[in-house]
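[1] Sequence and predicted structure, then a few things I'm wondering about:
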Amino acid sequence: MATPLTNHCIFCDIIKGAAEVSVCYEDTEAIAFMDIQPVNAGHVLVVSRQHFESFQDLPKRLGTHLFEVAMELAPAIRKVSGADGMNVIVSSGSAAGQDVFHFHVHLIPRRQGDGFDVRLPFADSDMPDRTVLDMMAARIIAALRDPTRARPAAREVAAVA
């Protein structure tokens, strides 16, 4: 777990072969392995071989590849685990529950009544007035159009094109 206080990352150890792992997929950019504290049997983590701390640090092309891997694995995981559904979860930043600071995607097979709960809408949230939703949407649009916002490096844009 790489944190601001330490440079140690268990996922980097796994990728370097310095930790035990049960791999179910790998290619030059990604590795997928069984979570050692699974929500349900078949819980898999899809991880970038290159260290990126969180979702916002991830190059767009690599993020696309990791989700393509997740989409390829999900049906196989459902079949093998006998799951009725699947949660695909990314926690980015400690406020969002990220505890291993190396970007990864959770593929969690689900069954009715399994006891795991990721319910949306959030029971404690209030439904805002439409004008509040419209205002937030307009602010997001403005942020996307902001000429000073961070843009992908030229090599990343070329790789995506």
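    Right, received. Where do you want to start?
[2] those helices in the protein, which residues are they?
    Using DSSP state H, the helices assigned to the chain run over residues 10-15, 60-81, 130-145, 154-160.
[3] Minimum distance to Ala32: which of those has it?
    Closest to Ala32 of those is helix 60-81 (Cβ to Cβ; 5.9 Å). Yep, even glycine has a C-beta here, placed from its N, CA and C like the rest.
[4] Please compute how far the closest one lies from its chain's middle.
    11 Å (Cα atoms, centre = their mean, to the nearest Å).
[5] least trustworthy helix or strand in this structure by mean pLDDT?
    helix 154-160 (a mean of 47; mean pLDDT, DSSP states H and E).
[6] low-confidence ranges in this structure?
    1-6, 151-161 (pLDDT under 70).
[7] and if we set it to 90?
    Counting by pLDDT under 90, the chain has low-confidence residues at 1-8, 117-128, 133, 144, 146-161.
[8] now the end-to-end length of stretch 18-36.
    16 Å (Cα to Cα, to the nearest Å).
[9] Please compute how far that stretch lies from its chain's middle.
    Relative to where its chain is centred, stretch 18-36 has its mean C-alpha point 15 Å off (Cα atoms, centre = their mean).
[10] May I see the buried residues of it?
    Within stretch 18-36, the residues scored as buried using 16 or more other Cβ atoms under 10 Å are 21, 24, 30-33, 35.
[11] what residues does that stretch touch?
    The contact list for stretch 18-36 (Cβ atoms under 8 Å, 6 or more residues apart in numbering) reads 10, 13-15, 42-50, 62, 65-66, 69, 72-73, 106-107.
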